[in-house]
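**Student:** Predicted model follows, preceded by the sequence.
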Amino acid sequence: MFRGIARSTSMRDISLRGLLSSSLLGACILHSPLAVAQSFPSRAVTLVVPFSPGTGIDLLARTLGPKLADRWNVPVVVDNKSGASGNIGSEQVMHATPDGHNLLVTATSFATNVAINSAAGGLRYDPVKSFAPIAVLATGTLTVVVASKVPANSLAEFIALAKKQPGALHYASSGNGTPQHLAMELFKLEAGLNMIHVPYKGNAGAYADLVGGHVDAMVSPIHTAAPYVAGGKLRMLGVLGAERTPLFPNVPTLKESGFPKLDMEVWYAMFAPRATPADTVNRINTDVNVLLSSNEIREALVKQGLVAAGGRPQRLADLVALELARWPQVVAKAGIRAD
């Protein structure tokens, strides 16, 4: 009798152990990187934009969002988490589940913030160690513009004027530590100029004072400067890209003007949390590239003053590495500190 009970109990234990083993095996398979990649997307995808609504990067995210939703057959939501020059939104994505359903859509300051914040104890995230690069989404040309009152019709004339009056000229920026601010400081270092920085909270105030002649110069995205230049309210002296812009083909690059290090653009890109499976990253990269190659998206970006980019994740990784190497010395020499 007791042997029968023992045998029955033993068989039940074996069955339970088998069921438990199967459950554990299923759980392991379910949570493996391959399974996560194969299940993407399984729910709504959030594009975290670490800047306020209406900014260039926000418009870009809202341009791509509906198209990604169509491809993935799930809702794609844009979530603006502004503050701390983009750091708050970046930290949110860094801590998100690494399954592709929370993505960071950000801009150049994602990398330049490292140099700006080094003296203040650094950032809580690492652009390389905390994120998986997905794709460069778009790039924008920067340009040097001056107020109409400034007696300089070329970059050489402006440099001569600034050297003749050290400390007398003032330049505006859309904010301390922004790419426009850093670009002008790099220009100052390369040209040996002494000009005073006047930071504003955004482009609106900066442009109002530049057009009004209260400040003398500014580095600006070309699409923002274009209407003022076309209207004769500002003068464009050079572009910071590798090539001349078709919008103003007669305006030389700063490289042509003798400054080979002044080849830079603003850029917008997409990242995922670092541990996101490679298959998921590649899936998102492929779909993003398909959209960026479409005439509809390219034309929409042109209206925003942007050029569609794309490419493999390594292109973005290389771009971040370039920015991380470029700016610490500039920031240190210029004495730039985080607000």
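**Tutor:** Done, it's in. Because the structure is a prediction, the values reported are computed rather than measured. Residues are numbered from 1 along each chain as shown.
**Student:** Do a quick rundown of the helices in the stretch 151-300 of the chain.
**Tutor:** With DSSP state H, counting those that start in this stretch as the criterion, the stretch 151-300 of the chain has helices at 155-164, 179-191, 203-211, 222-230, 278-292, 295-303.
**Student:** winner for burial among those helices?
**Tutor:** helix 179-191 (a mean of 22; mean count of other CB atoms under 10 Å). From N, CA and C alone the C-beta is placed, and that goes for glycine too.
**Student:** relative orientation of that one and helix 155-164 in degrees?
**Tutor:** 80 degrees (axes from the mean of the first three to the mean of the last three CA atoms, to 10 degrees).
**Student:** ok, G192 touching K163?
**Tutor:** Yes: in this structure G192 lies within contact range of K163 using CB atoms under 8 Å: 7.2 Å.
**Student:** returning to what we had before: can you check which of the helices of the stretch 151-300 of the chain gets nearest to N73?
**Tutor:** helix 278-292 (11.8 Å; CB to CB).
**Student:** ok so, going back, got CSV for the helices of the stretch 151-300 of the chain, with mean pLDDT too?
**Tutor:** Converted to CSV, the helices of the stretch 151-300 of the chain look like this (pLDDT from 0 to 100):
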stretch, mean pLDDT
helix 155-164, 97
helix 179-191, 95
helix 203-211, 93
helix 222-230, 92
helix 278-292, 98
helix 295-303, 93
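**Student:** Figure out which of the ones you listed is closest to K333.
**Tutor:** Nearest to K333 among the helices of the stretch 151-300 of the chain is helix 179-191; the distance by CB to CB comes to 6.0 Å.
**Student:** and that closest one, how far from the chain's centre?
**Tutor:** 19 Å (CA atoms, centre = their mean, to the nearest Å).
**Student:** Report the rounded mean pLDDT for the helix or strand hosting L316.
**Tutor:** Using DSSP states H and E, L316 sits within helix 313-334. Average pLDDT, helix 313-334: 94.
**Student:** all helices of the stretch 1-150 of the chain, in order?
**Tutor:** 2-30, 33-38, 56-72, 87-94, 109-117.
**Student:** Quick one: list the elements packing against the helix holding L316.
**Tutor:** Helices and strands touching helix 313-334, by 3 or more CB pairs under 8 Å, 6 or more residues apart in numbering; DSSP states H and E, are helix 109-117, strand 131-147, helix 179-191, strand 265-273, helix 278-292.
**Student:** and L155, what is it in contact with?
**Tutor:** V144, L237, G238, P252, L254, S257 (CB atoms under 8 Å, 6 or more residues apart in numbering).
**Student:** Quick one: closest of the helices of the stretch 151-300 of the chain to R337.
**Tutor:** Taking CB to CB, helix 179-191 is the member of the helices of the stretch 151-300 of the chain nearest to R337, at 11.8 Å.
**Student:** other SSEs contacting the closest one?
**Tutor:** So helix 179-191, by 3+ CB pairs under 8 Å, 6+ apart, packs with helix 109-117, strand 131-147, strand 170-173, strand 196-199, strand 217-221, helix 313-334.
**Student:** Could you save those as CSV and add columns showing distance to A156?
**Tutor:** Shown next, in CSV, are the helices and strands packed on helix 179-191 (distance: least, CB to CB, whole Å):
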stretch, distance to A156
helix 109-117, 28
strand 131-147, 12
strand 170-173, 17
strand 196-199, 21
strand 217-221, 14
helix 313-334, 22
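**Student:** Out of these, which gets nearest to L301?
**Tutor:** strand 131-147 (5.4 Å).
**Student:** domain assignment for this protein?
**Tutor:** 42-139+266-334, 141-239 (automatic domain parsing).
**Student:** Fine, thanks again, bye for now.
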